[in-house]
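> Generate a structure from the sequence data that follows.
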Amino acid sequence: ARSAEDRIAGFDGVRAIAVLMVFISHKTTLPHHDSYGSVGVWLFLVLSGMLISSILSEMRGKVEAGTQSSWRSMRDFYLRRSLRIFPLYYACLGVFALGSLFTSFVGFSRMEATIYAVYGTNIYYEMTPTADHGHFGHLWSLAAEEQFYLLFAPILLFTPRKYLARICIGFMLAGAATLAWLVSVGTHPNATHVDPLIAFGMLGVGGFIASLRNFKPPAWLVGVQAQMAAGLALIAIPLIFGYFRDTWNIWGPLTCTVAGLFLFQIARNQKTPVVAFLNLWPLRSLGRVSYAFYILHQFVHFYDVEAVLHKLHIDIDPPLVVQSA
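Below you'll find the predicted structure:
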């Protein structure tokens, strides 16, 4: 059975907005466009942390009720995650592995392919922050999530359910401390961006939101105006502050707290125009395929699409992409 959190109206729309922010980041040359993608990924991480924590908390509840063992719960959790994540991920890597027999791809040497296969991408990128990783850079966040699952699931399934909030706060503090330390020692921003502990902290924000299931918020905190303010803030923050690169690298990741607030508001008040907008068919549909969209979008380029259309004797005027001289 699916977790109740998976059925929250508006969450697929949030996924859609997050993946569109990443798409804009990777496919446009707008000013400080990379900051949009960062916020999109952070939103994904917080949402993932919230859902995974809810699933594990439900499983732990069964353990405490004596209906299922911690080991059985952990096996079921990893099996479901694997069936959801692995097929497309390894199919994608397999296509490039096959293609590499005939040509070469930037960022896909035999060593790099092995690193991607074992979900070590973020650690490798942190060690090589100025290297050209081709079109595989976005895989770092998937690696961070897998690492989090390996660490987080045993902790939650073998620890009393009442400690969920404290555990998540611990991850949040570890992430914030790591960010402060990396910035203080002058670590390259690209390395800071992919650090696993910082990502774990963002996933922990989502987990903390999930732990508030018995908290009754005041009406103003989850009302339509508050939802609009938090949602618009997620769009406005990279637009306004992403321009200031030094400041953004320090404070930008804290945007994950706004993402957590927004998700909390949606989950606690489903009867607002904001949720209705997020639940519109186009956003809901894109959100449901956002994982596939995220993995594959980096490998599809407008000039490739035009080349295929040209082969089919379909020319677009004006062209989607103007080739530079």
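> For the rest of this, base every contact and every neighbour count on C-alpha atoms.
Noted.
> just checking, what packs against the helix or strand in which residue 12 is found?
Under the criterion of DSSP states H and E, residue 12 resides in helix 11-27. Using 3 or more Cα pairs under 8 Å, 6 or more residues apart in numbering; DSSP states H and E, the elements in contact with helix 11-27 are helix 34-65, helix 273-278, helix 281-288, helix 290-297.
> In the shortest one, which residues are buried?
The one in question is helix 273-278. Neighbour counts over helix 273-278 (16 or more other Cα atoms under 10 Å) mark 274, 275, 278 as buried.
> can you list the residues that contact that helix?
Contacting residues not belonging to helix 273-278 are listed as 9, 10, 11, 12, 13, 14, 224, 227, 228, 266, 284 [Cα atoms under 8 Å, 6 or more residues apart in numbering].
> If you rank these by neighbours, which is first?
Of these, residue 14 is surrounded by the most neighbours, 27 neighbours in total, counting by other Cα atoms under 10 Å.
> Please tell me I have it right and it contacts residue 287.
Yes: the pair residue 14 / residue 287 is scored as a contact, 7.1 Å apart, by Cα atoms under 8 Å.
> ok, the residue nearest in space to the middle of the chain - contacts?
Centroid-nearest residue in the chain, with Cα atoms, centre = their mean: residue 44, separated by 3.0 Å. Counting by Cα under 8 Å, 6+ apart, residue 44 makes contact with 15, 18.
> how close does it get to residue 185?
In this view, residue 44 and residue 185 are 28 Å apart by Cα to Cα, to the nearest Å.
> what do you get for residue 146?
28 Å.
> ok, these two, which is more surrounded?
residue 146 (17 against 8).
> Run through the residues that contact the nearest residue to that one once chain neighbours are set aside.
Once flanking residues are discounted, residue 146 sits nearest to residue 119: 7.0 Å by Cα to Cα, 6 or more residues apart in numbering. With contact set as Cα under 8 Å, 6+ apart, residue 119 has these partners: 140, 142, 143, 144, 146, 147.
> Name the member of those with the most neighbours.
Within the contacts of residue 119, most neighbours by other Cα under 10 Å means residue 144, with 24 neighbours.
> Report the contact partners of that residue.
Contacts for residue 144 (Cα under 8 Å, 6+ apart) come out as 119, 122, 196, 199, 200.
> Now secondary structure too, for these, in JSON lines please.
Output for these, formatted as JSON lines (DSSP: H, G, I helix; E, B strand; the rest coil):
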{"residue": "119", "secondary structure": "coil"}
{"residue": "122", "secondary structure": "helix"}
{"residue": "196", "secondary structure": "helix"}
{"residue": "199", "secondary structure": "helix"}
{"residue": "200", "secondary structure": "helix"}
